[in-house]
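Chemist: just coords:
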Ligand code: HEM
């Protein structure tokens with residue numbers, strides 16, 4: 001099978017390509033799902049997967065329609081997140097959902113976000129400063145070239161540090177927080193890891209108990225570079241929030257925090273590493289961004305259109321029998337809104353498999369919950385749309401673009417170290433991004449003339 005094409009699973013009498021639903025469990029699908037999504041968009045816009053007993057919605061118009069139709073496609077608990085994350089707003093609707101949602105909106109957008117940008121940049125600079133200290137194991141010098149594995153040396157740590165900052169998590173417990181975060185995330189993976197994930201969540205909840213009591217009496221604040229208080233941190237706000245006269249319980253607050261790290265850590269990590277992987281494969285576009293830093297906005301949005309780092313399929317349940325693209329989805333059925341596929345819908349994006357930060361059919365302005373579709377430009381759907389539209393869209397955008405400006409200032413002449421990168425199935429080309437973000441990214445660059453203290457490899 002040529003690289004980039006779908007495996008042949010047979011054809012119907014009229015020539016329509018057939019799909020075998022075992023495909024969705026295969027390594028081949030995870031490696032590069034897009035040839036299969038192309039077949040689905042063309043021949044099966046609502047694909048009924050009888051093996052897994054669910055429906056996939058793959059075209060842009062249909063995906064948006066389902067995401068904004070909170071009544072027809074509900075978010076009643078699906079048992080996916082609730083094990084480790086607890087009772088989160090992803091699985092709530094109506095008033096209860098709006099009540100929880102408001103807290104995030106107040107802290108992750110607008111003026112609150114603007115106040116946080118200097119701290120975000122500072123965190124990026126601190127991490128990169130470690131590269132020169134000689135302590136960072138994922139940075140090496142050899143024959144005048146510095147090589148960094150950006151995943152371990154930066155992307156794995158940066159978004160979690162930002163979330164800790166927004167939360168106001170005590171500095172002395174941040175390395176412990178990293179452990180809880182990693183273990184809870186791994187807890188989605190399977191039965192052994194799920195147990196550890198639950199234990200990590202319980203440890204976090206126990207740790208928070210005393211902090212919540214303290215901050216109810218004495219809130220703590222995010223500070224600027226000079227140490228002046230800027231605004232209350234999120235743990236303080238959550239601790240002091242009353243609903244119908246009652247404080248939120250520590251269990252509820254832990255669910256907020258778990259969702260924030262779950263929703264904000266791995267996703268933004270993936271957006272940053274995918275963006276750099278794609279930009280390094282398109283040196284002309286990277287050169288343009290180096291000349292004009294404002295182009296990082298377009299680079300971020302095109303990355304999210306081209307390669308959603310995680311969560312490219314949003315689960316819903318049909319509330320009643322409902323028709324989409326001529327197919328009746330029965331009440332109660334599990335439906336996946338496939339944002340991955342919608343983002344490559346050729347009805348909206350020309351040559352959708354091309355990565356191009358200059359494409360003129362993608363909207364790259366401020367993301368809107370209702371989406372954007374005007375004058376031939378459309379927003380991507382990586383952040384979803386409708387009531388559950390990602391409240392972290394703005395902060396992840398700021399994180400990714402702010403840290404990329406700092407990274408580009410710190411690495412002279414960055415280029416992909418192809419020899420160290422995972423290869424595609426032909427053993428020659430670079431591995432495609434697939435369903436989730438890449439794990440490692442090896443970059444060579446010219447070290448700064450003043451860099452000292454690095455281990456030199458002969
Ligand atoms: C590139 C990065 C990100 C991507 C691709 C992403 C994607 C998404 C998507 C698709 C949803 C909607 C889920 C649905 O409709 O069922 C969502 C919800 C959510 N995201 Fe993000 N996210 C990102 C970053 C963040 C960040 C940085 C935070 C927080 C700091 C965050 C917090 C949340 C929360 C709390 C929800 C639940 C919203 C609700 O149910 O009302 N996300 N995200």
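Modeler: Happy to help now that I have it. Remember, it's a predicted structure, so these values are computed and weren't measured experimentally.

Chemist: not counting its neighbours along the chain, what's nearest the residue of the stretch 251-400 of the chain found nearest the ligand?
Modeler: Proximity of the stretch 251-400 of the chain to the ligand (C-beta to the nearest ligand atom) peaks at residue 392, 2.0 Å away. (Glycine included, C-beta is placed from N, CA and C.) Nearest residue to residue 392, sequence neighbours excluded (C-beta to C-beta, 6 or more residues apart in numbering): residue 264, at 4.9 Å.

Chemist: which residues are in contact with the one you found?
Modeler: 159, 162, 163, 392, 395, 396 (C-beta atoms under 8 Å, 6 or more residues apart in numbering).

Chemist: and with 10 Å instead?
Modeler: 104, 108, 159-160, 162-163, 166, 390-392, 395-396, 399 (C-beta atoms under 10 Å, 6 or more residues apart in numbering).

Chemist: what's the helix or strand for residue 148?
Modeler: strand 145-149 (DSSP states H and E).

Chemist: next SSE after that strand?
Modeler: Assignment by DSSP H and E places the next element after strand 145-149 at helix 150.

Chemist: list the contacts of that next one.
Modeler: 138-139, 156, 272-273, 276-277, 280, 407, 411, 414, 438, 440-443.

Chemist: ok, of those residues, which one's closest to residue 99?
Modeler: In terms of C-beta to C-beta, no member of the contacts of helix 150 lies closer to residue 99 than residue 272, at 31.6 Å.

Chemist: so where do the strands sit in the stretch 51-200 of the chain?
Modeler: Secondary structure of the stretch 51-200 of the chain, counting by DSSP state E, counting those that start in this stretch: strands at 54-57, 73-74, 139-142, 145-149.

Chemist: do the same with the stretch 251-400 of the chain
Modeler: Under DSSP E, counting those that start in this stretch, the stretch 251-400 of the chain gives strands at 313-318, 322-324, 327-329, 334-338, 373-374, 377-378.

Chemist: of these, which stretch is the most buried?
Modeler: Most buried of the strands of the stretch 251-400 of the chain, by mean neighbour count (mean count of other C-beta atoms under 10 Å): strand 334-338, with a mean of 22.

Chemist: strand partners of that strand, parallel vs antiparallel please.
Modeler: strand 54-57 (parallel), strand 313-318 (antiparallel) (DSSP bridges).

Chemist: compare the mean pLDDT across those strands and name the weakest.
Modeler: Mean pLDDT is lowest for strand 313-318 out of the strands paired with strand 334-338, coming in at a mean of 93.

Chemist: so, in contact with the ligand or not, that strand?
Modeler: Yes. Counting by C-beta under 6 Å from any ligand atom, the ligand is contacted by strand 313-318 at residue 314.

Chemist: residues of the stretch 351-458 of the chain that sit close to the ligand?
Modeler: Going by C-beta under 6 Å from any ligand atom, the residues of the stretch 351-458 of the chain near the ligand are 382, 383, 384, 388, 390, 391, 392, 395, 396.

Chemist: are any of the residues you listed buried, and which?
Modeler: Buried subset of these (neighbour count, 16 or more other C-beta atoms under 10 Å): 382, 383, 384, 388, 390, 391, 392, 395, 396.

Chemist: and residue 6, which of the three is it?
Modeler: Here residue 6 is recorded as coil under DSSP: H, G, I helix; E, B strand; the rest coil.

Chemist: pull the number of nearby residues for the nearest residue to it once chain neighbours are set aside.
Modeler: In space, and not counting its chain neighbours, residue 6 is closest to residue 35: 3.7 Å by C-beta to C-beta, 6+ apart. Using other C-beta atoms under 10 Å, residue 35 has 17 other residues around it.

Chemist: distance check, residue 35 against residue 163.
Modeler: Noted for residue 35: a distance of 35 Å to residue 163, by C-beta to C-beta, to the nearest Å.

Chemist: quick one on the thing from earlier: hmm, the residue nearest to residue 6 is touching residue 7, no?
Modeler: Yes. Between residue 35 and residue 7 there is a contact at 8.4 Å, judged by C-beta atoms under 10 Å.

Chemist: that older thread, could the strands of the stretch 251-400 of the chain be laid out in JSON lines, adding distance to residue 238?
Modeler: Shown next, in JSON lines, are those (distance: least, C-beta to C-beta, whole Å):
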{"stretch": "strand 313-318", "distance to residue 238": "25"}
{"stretch": "strand 322-324", "distance to residue 238": "36"}
{"stretch": "strand 327-329", "distance to residue 238": "37"}
{"stretch": "strand 334-338", "distance to residue 238": "29"}
{"stretch": "strand 373-374", "distance to residue 238": "36"}
{"stretch": "strand 377-378", "distance to residue 238": "35"}
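
Chemist: show me where the stretch 301-450 of the chain has helices.
Modeler: 339-342, 393-410 (DSSP state H, counting those that start in this stretch).

Chemist: contacts for stretch 70-79?
Modeler: Outside stretch 70-79, the residues that reach it (C-beta under 10 Å, 6+ apart) are 57, 65-67, 87-94, 97, 314-324, 329, 331-332, 334-335, 337, 386-388.

Chemist: please read the previous query as pertaining to stretch 13-32.
Modeler: 1, 3-12, 33, 35-40, 42-44, 47-54, 56, 313, 336, 424-425, 431-436.

Chemist: in strands, which of the residues you listed fall?
Modeler: Those of these mapping onto strands are 47, 48, 49, 54, 56, 313, 336, per DSSP state E.

Chemist: separation between the last one and residue 67?
Modeler: This points to residue 336. 12 Å.

Chemist: for the third one, same thing?
Modeler: Residue 49 sits at a distance of 19 Å from residue 67 (criterion: C-beta to C-beta).

Chemist: let me know the average pLDDT across the longest helix anywhere in the chain.
Modeler: Ordering each helix of the chain by length in residues (DSSP state H) puts helix 191-217 first. The predicted model gives helix 191-217 an average pLDDT of 87.

Chemist: packing partners of it?
Modeler: Contacts defined by 3 or more C-beta pairs under 10 Å, 6 or more residues apart in numbering; DSSP states H and E place helix 191-217 against helix 82-85, helix 174-186, helix 234-240, strand 246-247, helix 250-264.

Chemist: any chance of these in JSON lines, with mean pLDDT and distance to the ligand too?
Modeler: Putting the helices and strands packed on helix 191-217 into JSON lines (pLDDT from 0 to 100; distance: least, C-beta to the nearest ligand atom, whole Å) gives the following:
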{"stretch": "helix 82-85", "mean pLDDT": "66", "distance to the ligand": "10"}
{"stretch": "helix 174-186", "mean pLDDT": "82", "distance to the ligand": "12"}
{"stretch": "helix 234-240", "mean pLDDT": "90", "distance to the ligand": "9"}
{"stretch": "strand 246-247", "mean pLDDT": "86", "distance to the ligand": "20"}
{"stretch": "helix 250-264", "mean pLDDT": "83", "distance to the ligand": "3"}
